[in-house]
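Novice: Sequence first, predicted model second:
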There are 2 protein chains.
Amino acid sequence: MTLPQAGSDPVTVRAPRSIPEASVARLAVYLRMLGELAEQGADTVSSEELAAATGVNSAKLRKDLSYIGSYGIRGVGYSVSALIHQLERALGLNHRQAVALIGVGNLGHALAGYGGFGGRGFPVTALFDVDPDLVGIHINGILVDHVRDIPTTCRERGITIGMIATPGPAAQGICDALVEAGVRCILNFAPVVLQVPEEVEVRKVDLAVELQILAFHVARKRLVVEGAEVDGESLAVPDAQANGHPVNGTSNGGIR
Amino acid sequence: MTLPQAGSDPVTVRAPRSIPEASVARLAVYLRMLGELAEQGADTVSSEELAAATGVNSAKLRKDLSYIGSYGIRGVGYSVSALIHQLERALGLNHRQAVALIGVGNLGHALAGYGGFGGRGFPVTALFDVDPDLVGIHINGILVDHVRDIPTTCRERGITIGMIATPGPAAQGICDALVEAGVRCILNFAPVVLQVPEEVEVRKVDLAVELQILAFHVARKRLVVEGAEVDGESLAVPDAQANGHPVNGTSNGGIR
DNA sequence: GCAACTTTGTGCGTGCCTTCACAAGCGGCT
DNA sequence: AGCCGCTTGTGAAGGCACGCACAAAGTTGC
Ligand SMILES: NC(=O)c1ccc[n+]([C@@H]2O[C@H](COP(=O)([O-])OP(=O)(O)OC[C@H]3O[C@@H](n4cnc5c(N)ncnc54)[C@H](O)[C@@H]3O)[C@@H](O)[C@H]2O)c1
Ligand SMILES: NC(=O)c1ccc[n+]([C@@H]2O[C@H](COP(=O)([O-])OP(=O)(O)OC[C@H]3O[C@@H](n4cnc5c(N)ncnc54)[C@H](O)[C@@H]3O)[C@@H](O)[C@H]2O)c1
């Protein structure tokens, strides 16, 4: 499908050769593990080894890697350093991406102080809040600005990613400000569904939902152990050990 | 497959009627939105309205709800209160699930102080750390215990869910202790792949991966805007606006 | 230089998830 | 009482993702 064959359309568009979203997520995991292997002095790694270390099927891993090109050596494996380079290129990590964090409360403090973002190419370079006690202080060497400065400051510093850690009711307003500031990728920790224009990408981290999914599995296991329904109805799930959070869906019903 | 039809097996097993994992995640989102609607005094809600509010396709929403039974009224919609009750039952929220948090550092402090968990039926009732400066203090009224007490304390308090917020290298050891304590569901914030027996369910929250997925979309959009490849290769994705994090995969290579 | 071994890259079948589209069912209106 | 409009619940179809299994391709040893 969508092969660059003649016939269907007058102008033959270049094959999009898109990377499945699911694979992108795994590629990021491979990349981190490769970094650890490189530190340990590993020179090459086989798909089987890397798959075991990251907990995926080796065939799936090879297919994931095949989306970004053929950089393996048959009979040997993959060159760790070369693969790191290719993954960084494919994931768009050759340019640093500056991140803005809005809402420097409990969670925001932890995020702002976390070194794991900057260390992986995502320096948090702007902090925003409305609380007068917070605006003006420094966290991890970064000044907290007032949210009214979001449009100007984000453009000035070339911010491409926004992280929202405000209370739920404030999130949509902040989101709108970020979009106005030209930010087109948002990571949202507030438990609300953000409405955005379709060119903006939103990912939601929803810890309460994570716990509820786990709770569901607890309940399911209780049924299996007890061998009978607790509440008059049965609940079950096919596999477990999976980890897919959809909650998405070509959001029509949004701004569109 | 596995239909309760006569023929295949001597003893006909009751239809498992499993709920797809993807649907479970969305059901939790519907439940939260229904809670908000109930607060606003809504009596009934149609699939179209609820779908718009949660950003999903209305047909998908109806199918999700159909997995837990037929509680809608044709021509009217769903009774908000009745649907909340059914969702709570289906998700296993009729019993409170006590949560243990291990690692009370930056992130752990934020999690321990967060009221959103207890408010939604997941009270954090145990905290653990190794740092002598932390062991013994109270956070949000909960005493921080030493990690060596994990097995006894977790069993005493009937803990069913563990949240790991320690540095990566410590995570596997903590995980093993939790499993030994009978905890069978774990939410892991450390950037490592945990090896667990197959009866244990692990979900990973990996913020650096979230950012990398966003960065990938930034890069992809840059290409679209500039209309040419930046680095000699093209990268693209079909849809965007999706939100699936797999990174899983019937983890063979684990303990099994 | 050849044979045996190792590992990649991928074609293909299978199953899950999503989406469309519509019949069935329910309430309200006349 | 009967009709009409609205909404649910689901059959069917398509697409995506996963994983097996194997040919191709490279390496090592002799
Ligand atoms: N703390 C957690 O562990 C945790 C867990 C899951 C989800 N969350 C979610 O993350 C968000 C933040 O949680 P928190 O515990 O840090 O809350 P918090 O109340 O401690 O912090 C919120 C911060 O946002 C600021 N703020 C409020 N309105 C604002 C606005 N309009 N613009 C900018 N800043 C504003 C406040 O001044 C405060 O500093 C909430 O939506 C919460 O539901 C938090
Ligand atoms: N802070 C963030 O925003 C953030 C974001 C993403 C991921 N993470 C991950 O979450 C984890 C915690 O991050 P953090 O910023 O809170 O780190 P931190 O160093 O502030 O806190 C870690 C805590 O774990 C404790 N600890 C260390 N070894 C332990 C052990 N063996 N048993 C029990 N406790 C132990 C330490 O005493 C400390 O209190 C890390 O794995 C980090 O990669 C954090």
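Specialist: Here it is on my side, so go on. Numbering: from 1, shown residues only, chains lettered A, B, ... in the order given. Ligands and ions are numbered 1, 2, ... in the order given.

Novice: What pLDDT is listed against the residue in the stretch 51-200 of chain A positioned nearest to ligand 2?
Specialist: Closest contact between the stretch 51-200 of chain A and ligand 2, by CB to the nearest ligand atom, is at residue A:114 (3.5 Å). Backbone N, C-alpha and C define where each C-beta goes, glycine included. Residue A:114 carries a pLDDT score of 95 in this model.

Novice: burial count for the closest residue to it other than its chain neighbours?
Specialist: The shortest distance from residue A:114 to any non-neighbouring residue, by CB to CB, 6 or more residues apart in numbering or on different chains, is to residue B:106 (6.4 Å). The number of residues packed near residue B:106 is 17, by other CB atoms under 10 Å in any protein chain shown.

Novice: And the strands in the stretch 1-150 of chain A?
Specialist: Taking DSSP state E, counting those that start in this stretch, the strands of the stretch 1-150 of chain A run over residues A:44-45, A:72-73, A:77-79, A:98-102, A:124-129, A:138-139, A:142-146.

Novice: whoops, the stretch 151-256 of chain A was the one
Specialist: A:159-164, A:185-188, A:201-204.

Novice: roughly how far apart are the residue of the stretch 51-200 of chain A closest to ligand 2 and residue A:203?
Specialist: Going from residue A:114 to residue A:203 by CB to CB, to the nearest Å gives 17 Å.

Novice: try residue A:108
Specialist: According to CB to CB, residue A:108 and residue A:203 sit 17 Å apart.

Novice: Give the residue spans of the stretch 1-150 of chain A that score low on pLDDT.
Specialist: The stretch 1-150 of chain A contains residues with pLDDT under 70 at A:1-17.

Novice: which residue packs closest to residue A:64, ignoring adjacent ones?
Specialist: Nearest residue to residue A:64, sequence neighbours excluded (CB to CB, 6+ apart): residue A:23, at 4.4 Å.

Novice: can you tell me how far that neighbour sits from residue A:121?
Specialist: Separation of residue A:23 from residue A:121 (CB to CB): 19 Å.

Novice: Which single residue of the stretch 151-256 of chain A ends up nearest chain B?
Specialist: Using CB to the nearest CB, residue A:219 is the residue of the stretch 151-256 of chain A that sits closest to chain B, at 2.6 Å.

Novice: Contact partners for the residue nearest to that residue when sequence neighbours are not counted?
Specialist: Among residues not flanking residue A:219 along the chain, residue B:92 sits closest, at 2.6 Å (CB to CB, 6+ apart). Applying CB atoms under 8 Å, 6 or more residues apart in numbering or on different chains, we find residue B:92 in contact with A:215-216, A:218-220, A:222, A:235.

Novice: Any chance of a ChimeraX selection covering the buried ones in those residues?
Specialist: Typed into ChimeraX, the line below selects the buried ones among these, using 16 or more other CB atoms under 10 Å in any protein chain shown:
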select /A:215,216,218,219,220,235
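
Novice: Flag the least confident of the contacts of residue B:92.
Specialist: Least confident of the contacts of residue B:92 in the model: residue A:235, at 42.

Novice: More neighbours: which of residue A:23 and residue A:121?
Specialist: Of the pair residue A:23 and residue A:121, residue A:23 is the one with more neighbours under other CB under 10 Å, namely 22 against 19.

Novice: Kindly compare burial across the strands of the stretch 1-150 of chain A and name the winner.
Specialist: Mean neighbour count, computed with mean count of other CB atoms under 10 Å in any protein chain shown, is highest for strand A:98-102 among those, reaching a mean of 24.

Novice: Against which helices or strands is it packed?
Specialist: Packing partners of strand A:98-102 (3 or more CB pairs under 8 Å, 6 or more residues apart in numbering or on different chains; DSSP states H and E): helix A:106-112, strand A:124-129, helix A:150-156, strand A:159-164, helix A:168-180.

Novice: orientation of the fourth one relative to strand A:98-102 in degrees?
Specialist: Put plainly, it is strand A:159-164. Angle, strand A:159-164 to strand A:98-102, by axes from the mean of the first three to the mean of the last three CA atoms, to 10 degrees: 30 degrees.

Novice: what do you get for the last one?
Specialist: Counting by the same axes, to 10 degrees, helix A:168-180 lies at 150 degrees to strand A:98-102.

Novice: Test my guess that residue A:84 contacts residue A:31.
Specialist: Yes: between residue A:84 and residue A:31 a contact is recorded at 6.6 Å, counting by CB atoms under 8 Å.

Novice: Which one's more surrounded, those two?
Specialist: Neighbour totals were compared for residue A:84 and residue A:31, and residue A:31 leads with 22 against 18 (other CB under 10 Å).

Novice: Compute the distance between the more buried one and residue A:157, please.
Specialist: Residue A:31 is 25 Å from residue A:157, by CB to CB.

Novice: follow-up on the earlier one: identify the residues contacting the residue nearest to residue A:114.
Specialist: Residues near residue B:106 by CB under 8 Å, 6+ apart: A:109-110, A:113-114.

Novice: and the helices and strands packed on strand A:98-102 as TSV, adding distance to residue B:138?
Specialist: Putting the helices and strands packed on strand A:98-102 into TSV (distance: least, CB to CB, whole Å) gives the following:
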stretch	distance to residue B:138
helix A:106-112	16
strand A:124-129	27
helix A:150-156	37
strand A:159-164	29
helix A:168-180	27
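
Novice: Give me whichever of those is most buried.
Specialist: Ranked by mean neighbour count under mean count of other CB under 10 Å, these are led by strand A:159-164, which reaches a mean of 26.

Novice: Identify the spatial nearest neighbour of the closest residue to ligand 1 within chain A, chain neighbours not counted.
Specialist: The nearest approach of chain A to ligand 1 comes at residue A:105, 1.6 Å away (CB to the nearest ligand atom). Across the structure, with CB to CB, 6+ apart as the measure, the residue nearest residue A:105 apart from its sequence neighbours is residue A:165 (6.8 Å).

Novice: What does that neighbour show for phi and psi?
Specialist: For residue A:165, the backbone dihedrals (degrees, to the nearest 10) come out as phi -130, psi 40.

Novice: I figured it was touching residue A:108, is that so?
Specialist: Yes: when contacts are counted by CB under 8 Å, residue A:165 is listed as touching residue A:108 (4.1 Å).
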